[in-house]
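A.B. asks: Requesting a structural model of the entry that follows:
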Amino acid sequence: MVRDRPEILFLKVNFVENKAMCKSLNIRVLPYFHFYRGAHGQLESFSCSLAKIQKLKDAIEMHSQPCNVGPSKRVGGLNL
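C.D. replies: You can find the predicted model right below:
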């Protein structure tokens, strides 16, 4: 899926090493996905098991449209 969407930036966060940040983002179960788009900030977030993989695919399709460039947003200690 990642190879099919080179325009999408996937970031992996080590939960054990970044517990405070994960807690601030209300991440309680893994895996967990957040979708951001430029100046729009966070668009959607959800946990996703193998049984819900279609939800992840649908979110990638919905949020993969080009965005307008705007100021970045700071989320959980990261500039996006």
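A.B. asks: Next, the nearest residue to residue 52 once chain neighbours are set aside: secondary structure please.
C.D. replies: Spatial nearest neighbour of residue 52, chain neighbours left out: residue 46 (7.9 Å); criterion: Cβ to Cβ, 6 or more residues apart in numbering. Where C-beta positions appear, they are placed from N, C-alpha and C, glycine not excepted. When classified by DSSP: H, G, I helix; E, B strand; the rest coil, residue 46 comes out as strand.
A.B. asks: Next: residue 13.
C.D. replies: Reduced to three states by three-state DSSP, residue 13 is coil.
A.B. asks: same thing with residue 30?
C.D. replies: coil.
A.B. asks: tell me the contacts of it?
C.D. replies: Contacts for residue 30 (Cβ atoms under 8 Å, 6 or more residues apart in numbering) come out as 15, 47.
A.B. asks: Which pLDDT does the model give residue 5?
C.D. replies: pLDDT, residue 5: 74.
A.B. asks: Okay, it and residue 47: tell me how far apart.
C.D. replies: To residue 47, residue 5 is 20 Å away according to Cβ to Cβ, to the nearest Å.
A.B. asks: Could you find the closest non-adjacent residue to residue 42?
C.D. replies: Once flanking residues are discounted, residue 42 sits nearest to residue 36: 5.4 Å by Cβ to Cβ, 6+ apart.
A.B. asks: Residue 31: how many residues sit nearby?
C.D. replies: Neighbour count of residue 31, defined by other Cβ atoms under 10 Å: 14.
A.B. asks: Buried residues, whichever helix in the chain runs longest. List them.
C.D. replies: As assigned by DSSP state H, the longest helix anywhere in the chain is helix 53-63. Within helix 53-63, the residues scored as buried using 16 or more other Cβ atoms under 10 Å are 56, 59-60.
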